[in-house]
Each structure stands twice: as structure tokens, then as C-alpha cells.
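Undergrad: Need the 3D shape of this:
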Amino acid sequence: MTSALAPPKALVLDLDGTLVDTVGDFTIALNAMLAALDRRPVTRAQVTLWVGKGTQHLIDAALGLAAASVADPKAQALRQQAWAHYQKAYLAVNGQHSALYPGVREGLAQLAQMNLPLACLTNKPLAFATPLMRQMDLARHFRHVFGGDSFARKKPDPLPLLKTCEALQCASAQVWMIGDSSNDAQAARAAGCPVLLTTYGYNHGQPVQAAGADALLDSLAELPALVAAAAARPLPAPPSPRC
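TA: Numbers count the residues shown, from 1 in each chain. All right, here's what the predicted structure looks like:
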């Protein structure tokens, strides 16, 4: 499938499940929130299935509010309470129980040598994403970092990716989206971006092979070689003029 990829002028990378394994932080923060609300704790395995759709989805899933209407005043009051507890707990542990995936540091170092503009686009709130990227020494590699609250809508809506392409000053077809889940694939397809997915991320417990990616990455260290291979392929010959 990679043989059809045009060379990118920029790359957009997801954060959770693509660059950093953050389930440990999520689990501890959610359980601190649940303890404050006198609720039963959740397991790491449960949290792994919920990652990728934003913080509110994590909170709703932990509270059993996924199906609750936003118009339900009791549910909304509980959400507000929960958010206050979760925000405090997450900021206290942010990055302490997370780790870079193998190959991330090597892949980003090689991409830096290729002078390819990078942006990070995550559904994590920007106030959580920015300090995590600084702590993991990732921020220096990225021209832009956008969170789940940077735009009016989150992935899988294409809007955040389209806005990120605008910030990179590239047409969406010239930007590869690198993620770990069907959320990233859906956003990329709707925005008109090629999409590559990691095989080690979360993807809501579903096989990532079924998400419809243009290519799969077992490690981010494989990405520079794919970029170089795409750049080395000859461009299609223009059609012959008619006599």
C-alpha cells in the first residue's frame, strides 16, 4: 500500500498511543477522581479501551455516563464535579506513569534531519498535552501542537486536521497523518490526508489492521524510511499531448 503514497510536505502525529503510552497516567487520575466521588475504581485494561476520544469520553466511560444526554442536569452536574477532580489528579501525575514507545526518539531524530515540518494533533486537552511533551522532550521537534480543545471539534471530525494543515501551510493531500486508531483514520480520510497507523497503540480494543490505513508502522523508527522511499519514487509522467 505504501507504493501509492505521494511524498509528504509535512507530517501530523497523534500523541497518546502514537508517541507516548499514557494509560498509566489516565488510570491513576481516573481512580483518584472516582475515589473522590465514592465510586468503584477502574482497571488499566478498561482504560485502554477508552483512550483516543478525548478526556470527556474517558470520564463518561469511567462514570457509566457514555449514554447520558448532555441535557440531563444530574449527569451534567456529575460531569462538572468529575472534571474538577480529574483535572487536579491528572495534572499531579502527568507523565509520571507514561513512557515513550520504542523507536519514537530515533524516528523523530531522523525526521529532524530531513527538515520535514511536524505538528502534533491530539484529543488530549492542550493544558495536559503541552507539559507532557515538554517532560518527554518531544516539544522541540514540533512546529505546532494542537489539543482536543484547540478547535470547535475533535477527531474523528476532520476539522482539527484541516486546521492543522492550514497552520503547516500545506494542502491536506500533501500531509501524512500518523496515528494509532480508527479516530485518526476517519479524520484523515475525511480531510483528504494519507494515513499511517501504529500497530502498538490503543484503537479502542479493535484490530488496527481493519482501520483502513495506507500503511502500518510497528515502530516510529520506520517512518523516515517510508518518507525517503516516497520522495525517491519518480513522479508519474504527464500525459502525451494529442496531435
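Undergrad: Gly107 and Pro224 touch, don't they?
TA: Yes. Using CB atoms under 8 Å, Gly107 makes contact with Pro224 at a distance of 6.2 Å. The way it works is simple: take the backbone N, C-alpha and C, and place the C-beta from them, glycine included.
Undergrad: Looking only at neighbour counts, state which of these two leads.
TA: Gly107 (23 against 19; other CB atoms under 10 Å).
Undergrad: ok now do Cys42, which residues does it touch?
TA: Careful, residue 42 is Val and not Cys. Shown in contact with Val42 (CB atoms under 8 Å, 6 or more residues apart in numbering): Thr27, Leu30, Asn31, Leu34, Ala62.
Undergrad: Tell me how far the first one lies from Leu100.
TA: Which is Thr27. Here Thr27 is placed at a distance of 18 Å from Leu100 (CB to CB, to the nearest Å).
Undergrad: Please apply the same query to the second one.
TA: When CB to CB is applied, the distance between Leu30 and Leu100 equals 22 Å.
Undergrad: Those two: which has the busier surroundings?
TA: Between Leu30 and Leu100, counted using other CB under 10 Å, Leu30 has the larger neighbour count: 27 against 15.
Undergrad: got a list of what that one touches?
TA: Leu30 makes contact with Val42, Val47, Leu58, Ile59, Ala62, Tyr86, Ala89, according to CB under 8 Å, 6+ apart.
Undergrad: mind listing what's buried in stretch 222-239?
TA: When neighbours are counted by 16 or more other CB atoms under 10 Å, the buried residues of stretch 222-239 are found to be Glu222, Leu223, Pro224, Leu226, Val227, Ala230.
Undergrad: swap that for stretch 108-117, sorry
TA: The neighbour-count check on stretch 108-117 (16+ other CB under 10 Å) flags Leu108, Gln110, Leu111, Leu116, Pro117 as buried.
Undergrad: could these be laid out in a markdown table, adding distance to Asp38?
TA: What follows is the buried residues of stretch 108-117, written out as a markdown table (distance: CB to CB, whole Å):
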| residue | distance to Asp38 |
| --- | --- |
| Leu108 | 43 |
| Gln110 | 49 |
| Leu111 | 47 |
| Leu116 | 50 |
| Pro117 | 48 |
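Undergrad: where does the chain dip in pLDDT?
TA: The chain contains residues with pLDDT under 70 at 1-3, 67-71, 235-243.
Undergrad: longest helix of it?
TA: The single longest helix within the chain, with elements called by DSSP state H, is helix 73-93.
Undergrad: quick one: buried residues of that one?
TA: Result for helix 73-93 [16+ other CB under 10 Å]: buried residues Ala75, Leu78, Arg79, Ala82, His85, Tyr86, Gln87, Ala89, Tyr90, Val93.
Undergrad: Domains in this protein, by residue range?
TA: Here the domain assignment for the chain is 2-21+98-232, 23-93, based on automatic domain parsing.
Undergrad: what's the most buried one of the ones you listed?
TA: domain 2-21+98-232 (a mean of 19; mean count of other CB atoms under 10 Å).
Undergrad: Please tell me how far that domain is from the chain's geometric centre.
TA: 6 Å (CA atoms, centre = their mean, to the nearest Å).
Undergrad: With stretch 78-85 instead?
TA: Offset of stretch 78-85 from its chain centre (CA atoms, centre = their mean): 24 Å.
Undergrad: Could you do stretch 94-110 as well?
TA: For stretch 94-110, the distance to the chain centre is 14 Å (CA atoms, centre = their mean).
Undergrad: ranges for the helices of the chain?
TA: 23-36, 44-50, 55-63, 73-93, 104-113, 126-135, 159-168, 182-191, 223-232.
Undergrad: Now that we have those helices, can you turn them into a markdown table and tack on distance to Pro7?
TA: Formatted as a markdown table, the helices of the chain follow (distance: least, CB to CB, whole Å):
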| stretch | distance to Pro7 |
| --- | --- |
| helix 23-36 | 34 |
| helix 44-50 | 34 |
| helix 55-63 | 35 |
| helix 73-93 | 38 |
| helix 104-113 | 13 |
| helix 126-135 | 26 |
| helix 159-168 | 15 |
| helix 182-191 | 17 |
| helix 223-232 | 4 |
